[in-house]
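A.B. asks: need a structure here:
(2 chains)
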Amino acid sequence: MAKVSLRVNGSTREVESADPDIPLLYALRDHLGLTGTHFGCGLAQCGACTVLVGGRAVRSCVTPTRAVGGQDVTTIEGLGTAARPDPLQAAFIAEQAAQCGFCTAGIVMSAKALLATTPRPTRHQVTEALAGNLCRCGSHDRVVRAVLRAAGVPGGR
Amino acid sequence: MPLSRRAFLAGVTATGGALVVGFGPARAQTVPNADRFLGKSLAPDAVDSYLVIHADGAVTIFTGRVDLGTGHRIAMRQIAGEELDVAPERIALIEGDSALTPNQGATGGSYGVARGGSQLRRAAATARQALLALGAARLARPETDLELADGQVRVRGGGPSATYAELLGDKPFNVKLDPKAPYKAADRFRFIGKSLPRPDVPEKVTGTHRYVHDVTLPGMVHARVIRPPMDGGVLTAVDESSIGNIPGVRTVRQQSFLAVVADREWDAVRAAAALRTSWTPGPPAAGIGGRDQARVYDDMKAGRVVRDQEVAKRGDLGALTAPPAGTRTLSAEYRWPFQTHGSMGPSCAVADVKADRATLWSSSQGTHNLAGTCARVLGLERPRVRVIYVDGAGSYGPNGNDDAGMEAALISKAVGKPVRVQWSRQEEHGHDPKGPAQLLQLRAAVDPDGQVTAWETRAWLPVATANLPHLPLLSLDAAGLPQTPGRSTGLIYQNIDPPYAVGGLNAVVHWLAEAPLRTSAFRAPGKVANTFAVESFTDEIAALARVDPVEFRLRRLGNARGVEVLRRCAAKMGWQPRPSPGPVNRTGAVLTGRGIAYVHYKHDETIVAMGMEVAVERATGTIRVTRVVCAQDCGLMINPDCVQAQLEGNIIQTISRTLHEEVVFDRDRVTSLDWASYPILTFTEIPALEFDLVQRLDQPSLGVGEAASTPVPAALANAVFDATGVRLRTVPFRPERVKAALAGS
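C.D. replies: Take a look at the predicted model:
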């Protein structure tokens, strides 16, 4: 059994796996019970598993857990709660920017990374930043409005 | 007697109690201690099947239909709250639990509100009537002196009152739905018609919403099913030593049904990848044939026809068979490819099968149906199988969810533990039952005055999707178990005939015995392709007659609500009347145009008109949809914002289907197994969306989950024609195809 230590949402956690290369997604979901991060493809194609590592958006399904040791990992649970959402999450709620919601956590994390580097993005910058996050229900327009709302950009269009 | 006590005495053994452990209180979807309701009425005609009024005045409602990300669970609260005069936040909802909710049919056909909601409203209106009667007895006043308000029956204009809890609290009504129970008048609506926020959105946005993928049970193991390299393959050998280095992994096999099981999910994933197996081709499954993608439409035309179905016939087609002098005829063939549901999360299910009972957690759109199928396969009595709906990734028809549920049940039975089956992306793209390919040939005769004197539609459709008794499940074929009846897969023949006044009309379906791939209903089943053909062809006729496409339709629409919707769409769009194609300079790098399409869904449900603006890049053939304007009349909108969200989804998803999507397969299997080989629309391609939604407070609610999908492809094709003069009749409109069409014009 290989032990991997990592820092998630401000806490140090340990994961024990028979495979030292266990992807971060499985460590988060199956070992640490952080199920807000979702499995969508395992191929880094859909963005459903996006988390922040050192503030950057990464696809946890193809990121070995041991490769993130020493860096801060932030998952969707590390932002806010349903009762006390962070401002970006609050904007998603205000815009009702989710249907099935399966892609939503990954989109929120990608948007979080965008706003960290580009606090007042244009609509074009938002859609480019989210181009790697797929959504099948068609909540895209509301998502873009939510990100612009969180950034305080008026109009949403 | 309290319900929980009755449930205990009823001896119901299937239990979902373990799940409650994993959930905190006050979830949007999950009601704590739901098992206290076991034994309650499930009969679709009984008020107690739909609602319980508790001792504290709160209400729990029960719906057999479920929320697929659609807003169903706020709409149901609004409907029940309105008739009961109870605020929606005081109402808890249990949905899709085969042991607790009435069987209202599978969630589909856009009937969640239209049918499921109207049953609930009828139940609540009947309950309202019963509460008035109880109040009259308690307060010793005639019912006509009483009213319901905020959980109380009280004397109008002040005076004594009694709370619902005092009158009934937690006791059953014991009354049947009364078809004459009056609905609350629209002018007194407090909740219906309001865009109340959905209770599940805060949890979905903060990562705390529980999906079926997140369900865990004590002692649960993780399983992956091993698929053959060719569909229907027969398993000849399994080399267990190939996974000997992965601790705690075992295999489960029943004939050609093979799975690996592990305590940790990643170990199951690794074992599935590492396990060496040998297969030989087996006989094709029932209804599967003609697996040559290059010839798929030719094979349909030459395919074995089970029967012909005359969908519509009026007058004769003499103007086509023997055209009078001056009459022009035109014909066209429209082609729609196989498409995948493409749920963002591959299918998943958890099953706990014991010797005498079984419980499944599933995002099936038909939990009652799945429970029946599992009971037959497991050899259990129907009440001893319970299927509990838990949200999955959005499904738009039966994807792999029912397969995953049955697979979890078979594996759980074999290993004697709770089992979670998670499909891979490749399994979901490769094995979910597909929306079928469709082929339509249309002909019309147009007289010198521009009148359509004859219209003919011939459609080639696989019969496998036309109310076959069941959707065949992969695991049953593989394990050598009989398929069980009890599934319906959608009415794909509807809307092959035009909604317009024409002379002679004949619309026929040639039902094909076989299809190359397993099929199921996929959002607005059949009607997306059918409306693509009918509304594109209408545009072709209007162009031939040199009449503006909106005007052409308005002249032939007999339906006043339809006329209003079409006019409102054109007005919002700023539609300038002129024939298509536009008088544009076609030498520019980017050509722009506008198109319109109209549908009266199933000819008697929701009405949609859709205008679209496109830009076509001549050098590459890339189409960009820049603006969509949608007007819709779906009768009474319970929650207009949820309606609009459904329209956004219909439009964006169907633009994706029209521009990008086609399943690729060879003679062995589907080969478009990921998002690279089966691309969908991305954030960079989303058009401006504008809506004009007609609210009709005095009308029944009609469905909104599907209708607005259907005019999308034709509106898009018509706009491309307007821009370029080139008619696209084969979906998808990928750049290479569009470029070739432009070069050929």
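
A.B. asks: closest residue of chain A to chain B?
C.D. replies: A:G36 (2.2 Å; C-beta to the nearest C-beta). (Glycine included, C-beta is placed from N, CA and C.)

A.B. asks: pretty sure that residue is touching A:E77, no?
C.D. replies: Yes - contact criterion C-beta atoms under 8 Å: A:G36 and A:E77 qualify, at 4.9 Å.

A.B. asks: overlap of the contact sets of those two?
C.D. replies: Jointly contacting A:G36 and A:E77 under the rule C-beta atoms under 8 Å, 6 or more residues apart in numbering or on different chains are B:206-208.

A.B. asks: which of the residues you listed are buried?
C.D. replies: Among those, those classed as buried by 16 or more other C-beta atoms under 10 Å in any protein chain shown are B:206-208.

A.B. asks: these in helices, which ones?
C.D. replies: Secondary structure from DSSP state H places B:T206 of the buried ones among the shared contacts of A:G36 and A:E77 in helices.

A.B. asks: quick check, nearest of the buried ones among the shared contacts of A:G36 and A:E77 to chain A?
C.D. replies: B:G207 (2.2 Å).

A.B. asks: and that closest one, what does it touch?
C.D. replies: Residues in contact with B:G207 (C-beta under 8 Å, 6+ apart) are A:34-37, A:75-77, A:105.

A.B. asks: centre-most residue in chain A?
C.D. replies: Residue closest to the average C-alpha location in chain A (C-alpha atoms, centre = their mean): A:M109, at 2.9 Å.

A.B. asks: now do the SS call for the nearest residue to A:T118 once chain neighbours are set aside.
C.D. replies: In space, and not counting its chain neighbours, A:T118 is closest to A:Q125: 5.9 Å by C-beta to C-beta, 6 or more residues apart in numbering or on different chains. Recorded secondary structure, A:Q125: helix (DSSP: H, G, I helix; E, B strand; the rest coil).

A.B. asks: ok, now how distant is A:Q125 from A:L134?
C.D. replies: 19 Å (C-beta to C-beta, to the nearest Å).

A.B. asks: so which of the two has more stuff around it?
C.D. replies: Comparing A:Q125 with A:L134 by other C-beta atoms under 10 Å in any protein chain shown, the one with more neighbours is A:L134, at 25 against 16.

A.B. asks: three-state assignment of that one?
C.D. replies: Classified using three-state DSSP, A:L134 is coil.

A.B. asks: first vs last residue of stretch B:48-61, how far apart are they?
C.D. replies: End-to-end span of stretch B:48-61 (C-alpha to C-alpha, to the nearest Å): 9 Å.

A.B. asks: so, low pLDDT: which residues of the chain?
C.D. replies: In the absence of a named chain, chain A is used. A:155-157 (pLDDT under 70).

A.B. asks: meant chain B, my bad for not saying
C.D. replies: For chain B (pLDDT under 70), the answer is B:1-29, B:464-470, B:485-490, B:584.

A.B. asks: buried stuff in the longest helix seen in it?
C.D. replies: If you go by DSSP H, chain B has its longest helix at helix B:118-139. The neighbour-count check on helix B:118-139 (16+ other C-beta under 10 Å) flags B:118-132, B:134-136, B:139 as buried.
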